[in-house]
Structure formats: structure tokens, C-alpha cells
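K.L.:
Need a 3D model of the sequence below.
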Amino acid sequence: MADGFSTIAVGLGLTGVLFLLAGRASAKKRRFGRLSLHMLLALLCLVSGILVITIQFSFQGYRALTREDLAATIHTEPIGPAKFRVTVHMPDGRTERYQLAGNEIYIDAHILKWKPWANLLGLHTAYELDRIAGRYHRIEDEQTKSRTIHTLGSDRVVDLFTLRRRYAWLEPMVDAEYGSAAFFPAYERTVLELHVSTTGLLFRRPPTSS
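P.N.:
Sure, this is the predicted structure:
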């Protein structure tokens, strides 16, 4: 997907440069009508190239989703009453560790699905894990006991979801934008796989786990 965006951006940039050179030639020949047309086309190509690059950067940190994918492998370990430690292994090699309060592990994510015609531009359903937290079984405990929550998302110069919400002209390209969450009891030491599909998040035990 990144290669496709880069190719489009480079093509638009080169086309814009060619129109600039054509405009320069028109200016020397005092053909001001052609000069205006060439400069307008050059501006459109260059602006479009910048837009493509912006979308490409906004996808950094997101993963294309075309089927059920493994989003993370998680190890849980109780360390006290309603307290547990989790180690999260990401597919990109990152490992994060958190200490959470509660009876269950909770994770949510952003999911963005594009229209079919936008898929032709290389835009496919994407997701990013957002937050991890401890969750209590009882509502009363959620209201009165200690809450713990941490971010799972990575910092980026341009964020895809922020870009989508800020600019209304992207709306016709978006088929669906939604959040999804999953939780699982953490009362014993165990290994879990967090999967994400086009319907949302779900926890599974690895095939080797009992």
C-alpha cells in the first residue's frame, strides 16, 4: 500500500514539474492563456501529490485489515486481589508491559472502512489498537474502585482518524468508522491472542494453550 501511494505521489509531482516547465515556455512566448492553464494544472498536480503523501503518513501505525488478523499476543499474571500484570507483544516486534486493576483485561481499537472505489487507490480497511485497561466484573466496583488505563496507539505526525474527522471532503470515501472492544477474565496466569476482523476485536486462546 505504501509503495502504491509513493508511486502516485511521485507521478503527480513529476507531472506538476512538467506543467511548470511548459508554463515557463509559454511565458517566454507570451502565450498568457496557456501560461494560466499550465500553472493551474501544475498547482493541482502538486497539491494532489502533497495530499497523497499526507494520507500515506496518516496510515503509519495502522495495519491494513482484509481478514481476521493477529493484533497482539498477551500474557496475563495476577499479582494481588483484583490486580494483574500484562505483557503485550505486537506483530511489529514491540513489547509493552502494564499493571492493571480489575478482574478482566479490556482493549479497544479504531476501525476505518473505506468505500470500494477508494480501495482502488490502495485504501483498505485499517485498524489501530487504542487503549488497554482493567475492567471489574461488578458495576459497583467500576464506580468506586481504582481504575487503570493506558494508551496502545503510537505517536504520529499525522493521525488518520483525526484527519478524517477534521476534513469533511474525506467523508464520501469512508464506508464505516467505528470503535470495537473486547475483554477477558484475568484471574489466572494465561496467554491470549487478540484478533481483529472486519466485525471487530475478539480474544482467543492460542492452539497450544489449555
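
K.L.:
Now for the protein, the helix or strand with the poorest mean pLDDT.
P.N.:
Within the chain, no helix or strand scores below strand 63-64, which has a mean of 58 by mean pLDDT, DSSP states H and E.

K.L.:
what's the following helix or strand after it?
P.N.:
Next helix or strand after strand 63-64 toward the C-terminus (DSSP states H and E): strand 69-80.

K.L.:
Next, the buried residues of that next one.
P.N.:
Across strand 69-80, burial judged by 16 or more other CB atoms under 10 Å covers 71, 72, 73, 74, 76. For glycine as for every other residue, the C-beta is placed from the backbone atoms N, C-alpha and C.

K.L.:
so what's the fourth one bridging to?
P.N.:
In this case it means residue 74. Per DSSP bridges, residues listed as beta-bridge partners of residue 74: residue 88, residue 192.

K.L.:
Thought residue 87 was touching it, still the case?
P.N.:
Yes - counting by CB atoms under 8 Å, residue 87 is a contact partner of residue 74 at 7.0 Å.

K.L.:
What residues sit buried inside whichever helix or strand residue 25 is part of?
P.N.:
In the assignment (DSSP H and E), residue 25 maps to helix 2-28. Within helix 2-28, the residues that qualify as buried are 5, 8, 9, 12, 13, 15, 16, 19, 20, 22, 23, 26, counting by 16+ other CB under 10 Å.

K.L.:
Quick one: residues contacting the fourth one.
P.N.:
Which is residue 12. The contact partners of residue 12, by CB atoms under 8 Å, 6 or more residues apart in numbering, come to 45, 46, 48, 49, 52.

K.L.:
mind listing which of those residues are in helices?
P.N.:
In this view, the contacts of residue 12 that belong to helices under DSSP state H are 45, 46, 48, 49, 52.
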